[in-house]
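>>> next one to model:
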Amino acid sequence: MDVWEAVVLGIVQGVTEFLPISSTAHVTLAGMLLGGNPQAVAAQWTAFLASLQLGSLAALGWYFRQDLKQVASAVWAGPSAREGRRLGLAIVVGTLPIGVFGLLLKPVIEGPLTKEPLLIAGALGGGSLVMALGEFRRGKRQLADIGWREALLIGLGQVLALLPGSSRSGMTLAAGMLLGVQRADAARFAFLLGIPAIAASGGLELMALLRHGSAFSWQAFGGSFLAAFLSSYAAIAFLLRYVRSHSLWVFILYRLVLAGGVLIGVFHTA
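From the prediction side, this is the model:
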């Protein structure tokens, strides 16, 4: 993989990580279009995808730096920091499911099965259904109404994102809406919940990437990291503004069209 291919994949990663359309599906399909074969180097490809997310993680950290500062300061502050502690607890509890299932299913996630276009198409379609249900169920609850029980259920939604094509942001956003959280606050919590998950996944897989240095260069990684950071920041800002006054239907329809296109491509080349 050369630097420019990695930059293209970094842009794709950044844009699609935070739009509810699945970054893994798009980066994997983009890799195939660029002439790569993710199934042939499944473990290395998974490591590259996860480490690529570090650019998105940096964008998350910078965008939500005030929220993170509030959570961090609540550790040492008194009763006045109740909101920061509540948010911190919600993030920790919501991260537990992905931590447990991510470790248990790691061999499957890194295997060739999760790079199968048919599985990606199915997850795109299934995730669209979950998001549609969220649109019908959303209510008026706010970020302050998300306690540890709601966080745990939203965290279980994040587990669905282990399937490439489902979308981590899409599943956590939809899970929040299914619990009656208004769309904008559900999106904000979905992004905050992604910080520890992306940090753990990206950090662990970066070490795996180092073991496959012959497949991916530091120059390629650096270019993709910067591209992912810039495009991720733009995508975060865009989506948080968009969902204040717009539904998710445009993303749902896009996912269904993409799933259909993947299926057509699979059967056309069979």
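>>> what mean pLDDT does the helix or strand containing S128 get?
Secondary structure from DSSP states H and E places S128 in helix 117-137. Mean pLDDT, helix 117-137: 92.
>>> now do it: everything it contacts.
Here helix 117-137 makes contact (Cβ atoms under 8 Å, 6 or more residues apart in numbering) with 20, 22, 24-25, 28-29, 113, 157, 160, 163-167, 170-171, 173-178, 180, 186, 247-249, 251-252, 255-256, 258-260, 262-263, 265-266. (Glycine included, C-beta is placed from N, CA and C.)
>>> hmm, try it at 7 Å
For helix 117-137, the external contacting residues (Cβ atoms under 7 Å, 6 or more residues apart in numbering) are 20, 22, 25, 28, 113, 163-167, 170-171, 174, 177-178, 180, 247-249, 252, 255-256, 258-259, 262-263, 265-266.
>>> sitting in helices, which of those residues do you find?
25, 28, 170-171, 174, 177-178, 249, 252, 255-256, 258-259, 262-263, 265-266 (DSSP state H).
>>> how many neighbours does the nearest residue to Y63 once chain neighbours are set aside have?
Closest residue in space to Y63, ignoring its immediate chain neighbours: I236 at 5.0 Å, by Cβ to Cβ, 6 or more residues apart in numbering. Residues lying near I236 (other Cβ atoms under 10 Å) number 24.
>>> list the contacts of I236.
Taking Cβ under 7 Å, 6+ apart, one finds 18, 59-60, 63, 191 in contact with I236.
>>> may I have the helix holding S128 as PDB, with CA atoms only?
The C-alpha atoms that make up helix 117-137 are tabulated as PDB, following Å, rounded to 0.1, in the frame of the first residue of the first chain:
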ATOM      1  CA  PRO A 117     -19.100  -8.800   1.000                       C
ATOM      2  CA  LEU A 118     -22.300 -10.800   1.700                       C
ATOM      3  CA  LEU A 119     -21.900 -10.300   5.400                       C
ATOM      4  CA  ILE A 120     -21.200  -6.600   4.900                       C
ATOM      5  CA  ALA A 121     -24.400  -6.200   2.800                       C
ATOM      6  CA  GLY A 122     -26.400  -8.100   5.400                       C
ATOM      7  CA  ALA A 123     -25.100  -5.800   8.200                       C
ATOM      8  CA  LEU A 124     -25.800  -2.700   6.200                       C
ATOM      9  CA  GLY A 125     -29.400  -3.800   5.700                       C
ATOM     10  CA  GLY A 126     -30.000  -5.000   9.200                       C
ATOM     11  CA  GLY A 127     -28.400  -1.900  10.700                       C
ATOM     12  CA  SER A 128     -30.800   0.200   8.500                       C
ATOM     13  CA  LEU A 129     -33.800  -1.600  10.100                       C
ATOM     14  CA  VAL A 130     -32.400  -0.800  13.600                       C
ATOM     15  CA  MET A 131     -32.000   2.900  12.700                       C
ATOM     16  CA  ALA A 132     -35.500   3.100  11.200                       C
ATOM     17  CA  LEU A 133     -36.900   1.700  14.400                       C
ATOM     18  CA  GLY A 134     -35.000   4.300  16.300                       C
ATOM     19  CA  GLU A 135     -36.500   7.100  14.200                       C
ATOM     20  CA  PHE A 136     -40.000   5.800  15.100                       C
ATOM     21  CA  ARG A 137     -39.200   5.400  18.800                       C
END
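>>> the next helix-or-strand element following it packs against which elements?
Using DSSP H and E, the helix or strand that follows helix 117-137 in sequence is helix 148-159. If you count contacts as 3 or more Cβ pairs under 7 Å, 6 or more residues apart in numbering; DSSP states H and E, helix 148-159 packs onto helix 82-104, helix 168-178, helix 183-210.
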